[in-house]
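Colleague: here's my sequence, what's the structure:
(one chain, ligands or ions: 1)
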Amino acid sequence: MDKFIINGGTKLSGKVKIDGAKNASLALMPATLLTNGKSILRNTPRLRDVNTMISLLEFFGVETTFTDHTLTLDTSNIKSQNAPYEHVKKMRASVYVLGPLLAKYGRAKVSLPGGCAWGPRPINLHIEGLKKLGAEIELEEGYIIAKAKKLVGAEINFEKSSVGATGNILMAATLAKGTTIINNAAKEPEINNLAQFLNKMGARISGINTSKLIIEGVNELSPATIDTIPDRIEAGTLLIAGAITKGKIELQNCNFEHINILINKLKESGCKLFVNNDLITLDASNIDINPIDISTAVYPGFPTDMQAQWIALMSVAKGVANVTDNIYLDRFNHVPELLRLGASIKMIENTAIITGIKKLKGAKVMSTDLRASASLVLAGLVADGTTEVLRVYHLDRGYQLIDEKLKMLGADIKRVEGTEY
Ligand code: EPU
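Modeller: Reported below is the predicted structural model:
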């Protein structure tokens with residue numbers, strides 16, 4: 001397993017380009033199962049989770065080519081509708097194949113995703129939603145077995161806003177008979193990207209960008225081409241890298257509207273930020289980081305996927321900040337590792353109380369999940385001495401070569417392949 005060796009203390013400076021959004025790609029790719037033929041997904045990031053989804057789709061019979069950042073998926077010869085445990089256990093987002101397979105082929109057998117590094121991540125809303133559309137669903141030997149001759153539109157009221165359940169039901173409803181209404185739908189930009197892709201295929205979805213999606217079912221969908229939106233979490237992580245090192249950086253190929261809340265919080269913390277079309281610049285030279293509280297919420301609130309990185313920033317702020325995660329109450333695996341770097345953090349239920357300190361100190365730390373690992377890298381960039389971040393395959397799941405991007409910004413970071421774990 002690879003590790004990163006980071007010598008902290010360099011102020012980042014320079015420009016870097018943001019790649020396509022992981023969580024958009026992971027929804028766009030299975031959506032092609034609703035069609036027969038070649039769809040083209042531009043601006044697809046080259047990262048481990050995308051490769052995992054490619055392997056799963058290839059297992060069904062999808063033919064893929066991935067050139068630069070253009071992913072072509074040919075769904076003309078689907079041979080299987082079974083998603084085995086070996087594929088699904090690697091990535092929970094594999095459950096996205098359930099809705100499209102069921103809608104298009106009338107059956108799907110998908111392994112239950114199982115546990116997650118930071119606690120329970122149920123899929124009851126996906127299953128209840130599909131049942132509302134008329135699917136018969138049974139759980140057998142760790143598998144979801146779903147059948148439906150023809151799905152039928154219905155009104156679905158999600159008790160909680162869920163990105164994955166909204167995506168799954170949205171895909172399934174495109175081919176259902178009649179109209180489906182999803183109330184309390186997720187409004188995350190990745191879901192809008194998916195809805196736009198489905199409409200390009202011939203679906204009839206309205207209410208995009210709102211929490212009420214209305215889908216009029218159609219008989220068939222055709223392959224289409226879509227541009228994947230920029231990754232707002234990659235952009236946010238790199239902005240914090242600029243802020244924590246008191247650097248000056250420019251990010252290209254961003255959509256600042258998708259991270260408005262983060263931009264505002266960074267401004268409150270003392271950084272100067274400017275946006276211009278797809279560029280975001282951050283200047284944190286000579287500032288003291290103000291302690292700023294955040295509470296995660298569904299879009300457009302502060303994203304849970306930026307909570308760990310914000311804690312890293314607050315651990316060197318001038319004062320005390322409270323960070324609460326309301327989406328995933330247990331998503332705090334980074335906290336004990338940040339303590340090893342000298343951070344002062346106390347947990348009270350789902351709130352981290354962080355007392356900023358002047359200097360973190362380098363140490364060996366362990367990646368446990370994607371965003372937790374990102375926060376350790378950020379802390380390492382500013383810690384005195386050397387930080388080793390072990391098991392960076394978690395980072396590789398969701399960031400395209402983050403070490404290379406940080407190097408381009410001047411960070412002293414080195415990947416050591418296949419050593420310690
Ligand atoms: N929930 C349920 N039942 C369900 C589904 C969700 O109770 O059937 C709950 C969850 O436990 C959670 C909340 O609803 O408390 C929201 O979960 P959601 O379904 O929105 O999450 P997800 O679709 O599984 C996606 C992202 C995550 C991101 C969350 C929240 C993808 C592939 N994953 O997960 O991304 O944290 O939305 O924004 O889109 C990451 O990139 O690091 C990551 C984990």
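
Colleague: near the ligand, which residues of the chain? Just list them.
Modeller: 23, 26, 92-93, 121-126, 160, 162-165, 186, 190, 304-305, 327-328, 370-371, 398 (Cβ under 6 Å from any ligand atom). Where C-beta positions appear, they are placed from N, C-alpha and C, glycine not excepted.

Colleague: show me the shaky parts of the stretch 1-150 of the chain.
Modeller: Residues of the stretch 1-150 of the chain that meet the criterion pLDDT under 70 lie in 114-116, 118.

Colleague: all strands in the stretch 251-400 of the chain, in order from the N-terminus.
Modeller: 272-276, 279-283, 294-295, 320-324, 344-348, 351-355, 364-366, 386-390 (DSSP state E, counting those that start in this stretch).

Colleague: residue 170 is nearest to which of those strands?
Modeller: Checking these against residue 170 by Cβ to Cβ gives strand 294-295 as the closest, at 27.3 Å.

Colleague: packing partners of that closest one?
Modeller: When contacts are defined as 3 or more Cβ pairs under 8 Å, 6 or more residues apart in numbering; DSSP states H and E, strand 294-295 sits against strand 320-324.

Colleague: what is the burial count for residue 328?
Modeller: Using other Cβ atoms under 10 Å, residue 328 has 17 other residues around it.

Colleague: my guess is it contacts residue 120, does it?
Modeller: No - using Cβ atoms under 8 Å, residue 328 makes no contact with residue 120, being 9.1 Å away.

Colleague: phi, psi of residue 357?
Modeller: Phi and psi for residue 357, reported as degrees, to the nearest 10, are phi -120, psi 160.

Colleague: meant to ask about residue 122
Modeller: Per degrees, to the nearest 10, the backbone of residue 122 is at phi -70, psi 160.

Colleague: now, which of the residues of the chain next to the ligand lie within helices?
Modeller: 23, 26, 124-126, 163-165, 190, 370-371, 398 (DSSP state H).

Colleague: and those as JSON lines, adding neighbour count?
Modeller: What follows is these, written out as JSON lines (neighbours: other Cβ atoms under 10 Å):
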{"residue": "23", "neighbour count": "25"}
{"residue": "26", "neighbour count": "23"}
{"residue": "124", "neighbour count": "11"}
{"residue": "125", "neighbour count": "20"}
{"residue": "126", "neighbour count": "25"}
{"residue": "163", "neighbour count": "20"}
{"residue": "164", "neighbour count": "23"}
{"residue": "165", "neighbour count": "26"}
{"residue": "190", "neighbour count": "25"}
{"residue": "370", "neighbour count": "21"}
{"residue": "371", "neighbour count": "24"}
{"residue": "398", "neighbour count": "26"}
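
Colleague: of all the residues you listed, which two lie farthest apart?
Modeller: 124 and 398 (24.7 Å).

Colleague: quick check: bridge partners of residue 111?
Modeller: For residue 111, the beta-bridge partners under DSSP bridges are residue 143.

Colleague: that one: how many residues sit nearby?
Modeller: Neighbours around residue 111, by other Cβ under 10 Å: 19.

Colleague: correct me, but it touches residue 141?
Modeller: No - look at residue 111 against residue 141 with Cβ under 8 Å: they stay out of range, at 9.5 Å.

Colleague: now the helices: where do they sit in the chain?
Modeller: Ranges of helices in the chain, per DSSP H, are 22-31, 48-60, 85-88, 98-105, 124-132, 163-174, 189-201, 232-244, 260-268, 307-314, 334-340, 370-382, 393-398, 402-408.

Colleague: TSV for those helices, including distance to residue 67?
Modeller: Output for the helices of the chain, formatted as TSV (distance: least, Cβ to Cβ, whole Å):
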stretch	distance to residue 67
helix 22-31	15
helix 48-60	13
helix 85-88	24
helix 98-105	24
helix 124-132	33
helix 163-174	26
helix 189-201	19
helix 232-244	21
helix 260-268	32
helix 307-314	31
helix 334-340	36
helix 370-382	26
helix 393-398	20
helix 402-408	20
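
Colleague: ok and the residue in the stretch 151-300 of the chain nearest the ligand?
Modeller: residue 164 (2.8 Å; Cβ to the nearest ligand atom).

Colleague: I'd guessed that residue sits against residue 94; true?
Modeller: No - applying Cβ under 8 Å, one finds residue 164 not in contact with residue 94, separated by 10.5 Å.

Colleague: how about the contacts made by residue 362?
Modeller: 6-8, 341, 380, 383-387 (Cβ atoms under 8 Å, 6 or more residues apart in numbering).

Colleague: pick out the most distant pair among those.
Modeller: Between all members of the contacts of residue 362, the farthest pair (by Cβ to Cβ) comes out as 7 and 341, at 13.7 Å.

Colleague: ok, these two, which is more surrounded?
Modeller: The residue with more neighbours, out of residue 7 and residue 341, is residue 341; 24 against 17, by other Cβ under 10 Å.

Colleague: ok, the more buried one touching residue 385?
Modeller: No - assessed by Cβ under 8 Å, residue 341 is found out of contact with residue 385, at 10.0 Å.

Colleague: overlap of the contact sets of the two?
Modeller: Residues touching both residue 341 and residue 385 by Cβ under 8 Å, 6+ apart: 361-362.

Colleague: and for residue 80, the neighbour number?
Modeller: Residue 80: 12 neighbours (other Cβ under 10 Å).

Colleague: now it, nearest residue through space, not along the chain?
Modeller: residue 60 (5.2 Å; Cβ to Cβ, 6 or more residues apart in numbering).

Colleague: counting neighbours, what do you get for the spatially closest residue to residue 225 that is not a sequence neighbour?
Modeller: Of all residues not flanking residue 225 in the chain, residue 40 sits nearest, at 4.2 Å (Cβ to Cβ, 6+ apart). If you count neighbours by other Cβ under 10 Å, residue 40 ends up with 16.

Colleague: same question for the one 4 residues further on.
Modeller: Residue 44 is surrounded by 28 other residues when neighbours are defined as other Cβ under 10 Å.

Colleague: if we look at the sheet, which residues does the closest residue to it other than its chain neighbours bridge to?
Modeller: Leaving out its chain neighbours, the residue that sits closest to residue 44 by Cβ to Cβ, 6+ apart is residue 71, at 4.2 Å. Beta-bridge partners for residue 71, by DSSP bridges, are residue 41, residue 66.
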